[in-house]
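S.K.: the sequence and its predicted three-dimensional model are supplied below.
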Amino acid sequence: MESETQSHEEGQSTGDKTGETIRSGRPLVNGSPIDEPTLELDPESPASILLQQSPRPLVSDPVSRTWATLLERPDSGNTDRPVLVQWVSPDSPEPPAHYHPKTETFKTLEGQLTVVRDGEPIQLDPGESLTVEPGHEHTFRNDTNEIVAFKAELPSIRMVKGLYTAWGLAHKRGRDEGGNFPGPGPVESLVIAADLYDETVMTMVPQSVQRVLWATAGRIARLSGATGITDGYLDASFWNRHVEQPELESPKDVTGESTN
């Protein structure tokens, strides 16, 4: 029998609004926020409290209408895995199904998160958690009409760097003529996927095909100038320039560190 963790902690918030809503997380264009996408935060909610405690800024993917903050990272000495707090909107698409050689744990903070493991949807209410064991196909989605917030213990910091690189490129590329964010180009996306292949394997294409793809097309893409995963997108100053930061109780300076 496979090992998993699914628990419920008493006293967790149900995600109901308890205070004044803060409208934030909008993309910044020339230093000014645009109208969409917007993250609405209740300052007293569990996820907002974690954001206040985070030593790093709020980041976003304007393509998938997703927001996150890196709460913990392995080189900080407190954990052997990165911990990401993430907000997904009702419009956020379901990421492609994939698997890892290490576990990944999801814990819902607000709303109801649906984790699909081996094709089976599992709803996680606030305080509930689920650990997906190595080699098991999974993805997640928001099946509700409200923002869902959850905490994820990811397999490695490289996975965080991959997400941040793709999201950062979306901000750098900006909006198209229709006012939408198209995200990274196909060549950039290919190289990022190639950099993550050995620890994040997509299941939509046979693994043997993916292995050939990353070994050939990925190499050609790099020759065209695509750089793949870049550590620079972990730099807080990038996100302070590109994402509107919420005015919470523990403000952050341009380095992303708490001023307390």
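M.R.: Received it, and whenever you're ready, just let me know what you need. Numbers count the residues shown, from 1 in each chain.

S.K.: please make it C-alpha for all contacts and neighbour counts, starting now.
M.R.: Fine.

S.K.: where along the protein do the helices fall?
M.R.: Counting by DSSP state H, residue ranges of the helices within the chain are 46-53, 157-173, 186-196, 207-223, 236-242.

S.K.: dump those to JSON lines, plus mean neighbour count.
M.R.: Below are the helices of the chain laid out as JSON lines (neighbours: other Cα atoms under 10 Å):
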{"stretch": "helix 46-53", "mean neighbour count": "20"}
{"stretch": "helix 157-173", "mean neighbour count": "20"}
{"stretch": "helix 186-196", "mean neighbour count": "20"}
{"stretch": "helix 207-223", "mean neighbour count": "14"}
{"stretch": "helix 236-242", "mean neighbour count": "20"}
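
S.K.: any weak-confidence spans in this protein?
M.R.: When residues are selected by pLDDT under 70, those of the chain lie in 1-19, 76-79, 204-226, 249-260.

S.K.: what's opposite Thr108 in the beta bridge?
M.R.: On DSSP bridges, the residues paired with Thr108 through beta bridges are Phe150.

S.K.: out of the helices of the chain, flag the one nearest Glu137.
M.R.: Taking Cα to Cα as the criterion, helix 207-223 is the member of the helices of the chain that comes nearest to Glu137, at 12.8 Å.

S.K.: how near is Thr38 to Val63?
M.R.: 12 Å (Cα to Cα, to the nearest Å).

S.K.: ugh, typo on my part, it should be Pro27
M.R.: Taking Cα to Cα as the measure, Pro27 falls 11 Å from Val63.

S.K.: repeat that for Asp176.
M.R.: If you go by Cα to Cα, the gap between Asp176 and Val63 works out to 12 Å.

S.K.: these two: which has the busier surroundings?
M.R.: The neighbour count for Asp176 versus Val63, taken as other Cα atoms under 10 Å, is higher for Val63 (19 against 10).

S.K.: isn't the more buried one right next to Ala170, touching?
M.R.: Yes. When contacts are counted by Cα atoms under 8 Å, Val63 is listed as touching Ala170 (7.1 Å).

S.K.: mutual contacts of the two, please.
M.R.: Listed as contacting both Val63 and Ala170 by Cα atoms under 8 Å, 6 or more residues apart in numbering are Phe181, Pro182, Gly183.

S.K.: ranges for the strands of the stretch 51-200 of the chain?
M.R.: Along the stretch 51-200 of the chain, the segments classed as strands by DSSP state E, counting those that start in this stretch run 59-61, 66-72, 83-88, 98-99, 104-110, 113-117, 120-124, 129-132, 138-141, 148-153.

S.K.: next, format those strands as a markdown table and append distance to Ala47 and mean neighbour count.
M.R.: Compiled in a markdown table, the strands of the stretch 51-200 of the chain are given as follows (distance: least, Cα to Cα, whole Å; neighbours: other Cα atoms under 10 Å):
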| stretch | distance to Ala47 | mean neighbour count |
| --- | --- | --- |
| strand 59-61 | 14 | 28 |
| strand 66-72 | 10 | 22 |
| strand 83-88 | 7 | 23 |
| strand 98-99 | 26 | 20 |
| strand 104-110 | 6 | 24 |
| strand 113-117 | 14 | 22 |
| strand 120-124 | 15 | 16 |
| strand 129-132 | 15 | 22 |
| strand 138-141 | 17 | 20 |
| strand 148-153 | 6 | 24 |
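
S.K.: and those: which comes nearest Trp239?
M.R.: Across the strands of the stretch 51-200 of the chain, Trp239 has its closest neighbour in strand 59-61 (5.9 Å, Cα to Cα).

S.K.: just checking: what are the partner strands of the closest one?
M.R.: Its sheet considered, strand 59-61 pairs with strand 66-72 (antiparallel) by DSSP bridges.

S.K.: run the chain-centre distance for the partner strand.
M.R.: From the chain centre to the centre of strand 66-72 is a distance of 6 Å (Cα atoms, centre = their mean, to the nearest Å).

S.K.: from now on call the first residue 36
M.R.: Got it, the first residue is 36 from now on, which makes the last one we talked about strand 101-107.
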